[in-house]
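Quick check, what structure comes out for this input:
(one chain, ligands or ions: 1)
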Amino acid sequence: MSETKHIVDLSPAVQYEVRGDVAVIRLANPPVNGLGDSIRTGLSAGITAAHDDVVRAVVIVGAGKGFCGGADLREFGTPAAAVKPSVPDVFDQIQALPKPVVAAIHGFALGGGLELALVCNYRIAQTGATIGLPEVNVGLLPGAGGTQRLPRLIGTAEALNMIQNGTTVTAARAAELGIVDHCVPGDPLDAALAFLSNGVPRGSAAPVIDQRPPASGDGVDFDAARRRVRPSTRNRVAQLAAIDAVEAATTHRIDDGLALEREAFVRLVDSPEAKALRHVFFAEKHAAKVADIDRATAPRPIERVAVIGAGTMGTGIAMAFANGGFPVDLIEQNTEALDRGVATIRRNYEATAAKGRLTAQQVEQRLALIEPHLDLHAASTADLVVEAVFEDMAVKREVFAKLDIICKPGAVLASNTSRLDVNELARTVSRPQDVIGLHFFSPANVMKLLEVVRGDATADDVVVTSLAVAQKIAKVPVLSKVCDGFIGNRMLSPYRREADFLLEEGATPDRVDRVLQDFGLAMGPFAMSDLAGLDIGWAARKRLAPTRPKHLRYSRVDDVLCEGGRFGQKTGSGYYRYVNGSRTPVPDPEVDAVIRRCAAEAGIDRREISDAEIVDRCILALVNEGAKILGEGIAQRASDIDVVYVDGYGFPASRGGPMYYAQNLGLEEVLRRIREFEVVHGEYWSPAPLLEQAVRNGSTSFQ
Ligand code: NAI
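Numbering: from 1, shown residues only. Predicted structure coming up:
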């Protein structure tokens, strides 16, 4: 390649060098070369310098892991965002340079990173790079020309699909779509320099996308696209704005389209939905960080995984690991259960393939990674064992005692228990430091959340290993300490309790579910119970009955339904009726009669209940328990609790999670309402000490 003349730092984040007659502008703002003020200033200075006569062309390249990850979300709403030049200013400058500019992309060009590439004259990407405009995922739309330039470049239908859904594509697919001019296996900078020396005309203004006329509509029905965005969609406002903007690319001149896009972007940045989605985005990233573990702690190598139990959870967990490329030994105690489990896995993969999301070859590859066994000794070669047998301490203790003998030294011994004591399990083995809880959610191959339950004796490197492995299988891990139900299920108890009490006080299951669904929850508590099965909770209540404090209110509704054989969907009736095997809940007068009878027996006068009370009683019950969990140090941070509820329990991401919701409502107001409930309903509503303390200190957040 041509000799380097000099390298100059144009800003702390941008380097400039001239190789032969080509200026190379290198973005170097780790971790993602975000378009913060120092990249903007440096890039602008680089383009100015490239006006020099010795420079005949420019290559923009990223340092480190990728080309550019787009806007710096951390800058939003801060003074740094207002530092000139703005992103559009820099983009204008690039397009006005009368010399060819090539974007040399490796790793990723996402959001503003792809928009930067779209104002260059050419794009060359390395195979494996990820390319897309994912802004809608954080409640925004591409705000630096993406909605106007991508449709002009690749056509409206494909552009709308990518922008509205925030999907990313590989460089190879980007080349097929025409987003990039060339896809190369090697260094994209070398490829760009070679490309420039092989016949790209120098010295003249090469064509840019902005010179193209509005995109052809491709027959896209924009109204139908708007109608398809369901009211419950987490980023509904952003998706609708994205559709409007792409439509404008088919009708408006570029400047008018850009102005319209900018206006929508500015409006969205400050919307409650986008702020909440940004909160969830950062909360998910922070969740994997552990404050009290040395960052240098190395994870243990995990190459082979064993899953014990091939029931509902074991099959899903085995698939989750196979999806992440891990070989899995799936171990059952009897042939029938094992065959059923393997058949379930095959059926699931084939259903995914039928939807076009896996090829037949991928199905076979994943199935080949899962080896079924009937002998626990098959766990002897595993680096990580996940136990998913019945939720029974005696059964689990026995399995752990055997694993202690069978497993190799240093193997991580995990339990998928949803509420049993991980410390007690650890005490059954000679190596308690290797024991941890890995609480997957059902279906485990789909749900993103993984509660990582750190026992009193769990070694730091076992925690680090679990967090790392979770990320390898595309889960969002949240660390919890040991308590009954950990973070998520512990919070669910008071939430369900209040929903039950509301029935006795005057509401119906259908009404409570509808109000909470209107609030944004994926499913109301009673439809959810019917789906999960009422018998499991009933068994637990019977077990715990002797220890229940007698002076506290207790709703009998659930027990009476179970006594009548109503276990939910699986028996065709629960809080609702399910007609002829349908999964659609139908309100049932018999249930209303049970509720009225229980209320009368408990001496409760039924009354009118407002929608607002339903929301407050259920959601503030979550918030108060969440604050207790945080105060006790079970969760590391309030935002971790938000991640648990958004990713594991269908809490609306557009409201940021229960703790974020409370902070938005105002902690003083939250405490006031909780104290009012305490006056009426008694000690169940005693405020969390952390909440009281936050209000006393005048704090607007839990931390
Ligand atoms: P399941 O009853 O569907 O499956 C348990 C399986 O373990 C059965 O197939 C059984 O044959 C097998 N098994 C029992 N003893 C065994 C042994 N000694 N060796 C090998 N296999 C054995 O139960 P499910 O629902 O999969 O639950 C498993 C665990 O996951 C429980 O601890 C449960 O609390 C937890 N969990 C369940 C969730 C759910 O939604 N079902 C959600 C999260 C956790």
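
Give me the buried stretch members for stretch 161-174, please.
Buried residues in stretch 161-174, counted by 16 or more other C-beta atoms under 10 Å: 162-166, 168-171, 174. Bear in mind the C-beta positions are built from the backbone N, C-alpha and C, glycine included.

And it, end to end?
13 Å (C-alpha to C-alpha, to the nearest Å).

list the contacts for residue 109?
Applying C-beta atoms under 8 Å, 6 or more residues apart in numbering, one finds that residue 109 lies in contact with 66-68, 103, 116-117, 123, 125, 129-131.

Check those residues against the ligand and report the nearest one.
Distance to the ligand, by C-beta to the nearest ligand atom, is smallest for residue 130 among those, at 31.5 Å.

What about the contacts of residue 109, which are in helices?
116-117 (DSSP state H).

Dump the contacts of residue 109 into CSV; add pLDDT as well.
What follows is these, written out as CSV (pLDDT from 0 to 100):
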residue, pLDDT
66, 97
67, 98
68, 98
103, 98
116, 98
117, 98
123, 97
125, 98
129, 97
130, 97
131, 98
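
Which of the contacts of residue 109 are buried, as a ChimeraX select command?
Listed next is the ChimeraX selection for buried residues among the contacts of residue 109, using 16+ other C-beta under 10 Å:
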select :66,67,68,103,116,117,123,125,129,130,131
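
can you put the contacts of residue 109 in JSON lines and add distance to the ligand?
Converted to JSON lines, those look like this (distance: C-beta to the nearest ligand atom, whole Å):
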{"residue": "66", "distance to the ligand": "36"}
{"residue": "67", "distance to the ligand": "40"}
{"residue": "68", "distance to the ligand": "39"}
{"residue": "103", "distance to the ligand": "45"}
{"residue": "116", "distance to the ligand": "43"}
{"residue": "117", "distance to the ligand": "43"}
{"residue": "123", "distance to the ligand": "45"}
{"residue": "125", "distance to the ligand": "41"}
{"residue": "129", "distance to the ligand": "37"}
{"residue": "130", "distance to the ligand": "31"}
{"residue": "131", "distance to the ligand": "36"}
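
so of the contacts of residue 109, which ones are in strands?
In this view, those that belong to strands under DSSP state E are 103, 123, 125, 130-131.

State the pLDDT value of the residue in the chain positioned nearest to the ligand.
Nearest residue of the chain to the ligand (C-beta to the nearest ligand atom) works out as residue 311 at 1.8 Å. On the pLDDT scale, residue 311 is placed at 94.

repeat for residue 8
Reading off the model, residue 8 has pLDDT 84.

Equivalent analysis for the one 5 residues further on, please.
The predicted structure scores residue 13 at 92 on the pLDDT scale.

What is the nearest of the contacts of residue 109 to residue 664?
residue 68 (32.0 Å; C-beta to C-beta).

For the closest one, which non-adjacent residue is closest in space?
Leaving aside its sequence neighbours, residue 68 sits nearest to residue 113 (C-beta to C-beta, 6 or more residues apart in numbering; 3.1 Å).

residues near that neighbour, how many?
Around residue 113 there are 30 other residues, counting by other C-beta atoms under 10 Å.

Could you list every helix and strand in contact with the helix or strand where it lies?
Using DSSP states H and E, the element containing residue 113 is helix 112-118. Judged by 3 or more C-beta pairs under 8 Å, 6 or more residues apart in numbering; DSSP states H and E, helix 112-118 is in contact with helix 87-96, strand 101-105, helix 146-154.

contacts for the first one?
What it means is helix 87-96. Residues contacting helix 87-96 (C-beta under 8 Å, 6+ apart): 35, 40, 43-44, 47-48, 71, 85, 101, 112, 115-116, 119-120, 143-145, 208, 210, 258, 262.

Show the contacting residues for the closest residue in space to residue 32 that isn't next to it in sequence.
Leaving aside its sequence neighbours, residue 32 sits nearest to residue 69 (C-beta to C-beta, 6+ apart; 3.0 Å). Shown in contact with residue 69 (C-beta under 8 Å, 6+ apart): 31-34, 108, 110-113.

Make a markdown table out of those residues and add pLDDT and distance to residue 153.
Output for those, formatted as a markdown table (pLDDT from 0 to 100; distance: C-beta to C-beta, whole Å):
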| residue | pLDDT | distance to residue 153 |
| --- | --- | --- |
| 31 | 88 | 28 |
| 32 | 93 | 23 |
| 33 | 95 | 22 |
| 34 | 93 | 23 |
| 108 | 98 | 18 |
| 110 | 98 | 16 |
| 111 | 97 | 16 |
| 112 | 97 | 16 |
| 113 | 98 | 15 |
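
what residues are up against residue 27?
Contacts of residue 27 (C-beta under 8 Å, 6+ apart): 13-14, 33, 39, 42-43, 60-63, 67-68.

Go through the contacts of residue 69 and name the one nearest residue 226.
residue 111 (22.9 Å).

With adjacent residues omitted, what lies nearest to that closest one?
Here the residue nearest residue 111, using C-beta to C-beta, 6+ apart, is residue 70, at 2.8 Å.

number of nearby residues for the one you found?
27.

next one: the helix or strand of the chain with the lowest mean pLDDT to chain centre, how far?
Lowest on mean pLDDT, DSSP states H and E among the helices and strands of the chain sits strand 4-11, with a mean of 74. Relative to its chain's centre, strand 4-11 lies at 40 Å (C-alpha atoms, centre = their mean, to the nearest Å).

Also stretch 348-359?
The answer for stretch 348-359 is 22 Å, by C-alpha atoms, centre = their mean.

Looking at it now, give me its mean pLDDT.
94.

residues of that stretch that come out buried?
Buried residues in stretch 348-359 (16+ other C-beta under 10 Å): 348-349, 352-353, 358.

Make a markdown table out of these and add distance to the ligand and secondary structure.
Compiled in a markdown table, those are given as follows (distance: C-beta to the nearest ligand atom, whole Å; DSSP: H, G, I helix; E, B strand; the rest coil):
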| residue | distance to the ligand | secondary structure |
| --- | --- | --- |
| 348 | 14 | helix |
| 349 | 18 | helix |
| 352 | 20 | helix |
| 353 | 24 | helix |
| 358 | 23 | coil |
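
Could you pick out the residues of the chain near the ligand for me?
Residues of the chain lying close to the ligand by C-beta under 6 Å from any ligand atom are 308-314, 331-333, 337, 388-391, 395, 399, 416-418, 439-442.

Now list the buried members of those.
308-310, 313-314, 331-333, 388-389, 391, 399, 416-418, 439-441.

returning to that earlier point: tell me what the least confident helix or strand of the chain is packed against?
So strand 4-11, by 3+ C-beta pairs under 8 Å, 6+ apart, packs with strand 14-19, helix 37-49.

Compute the inter-axis angle for the last one and strand 14-19.
Angular relation of helix 37-49 and strand 14-19 on a 0 to 180 degree scale: 30 degrees, by axes from the mean of the first three to the mean of the last three C-alpha atoms, to 10 degrees.
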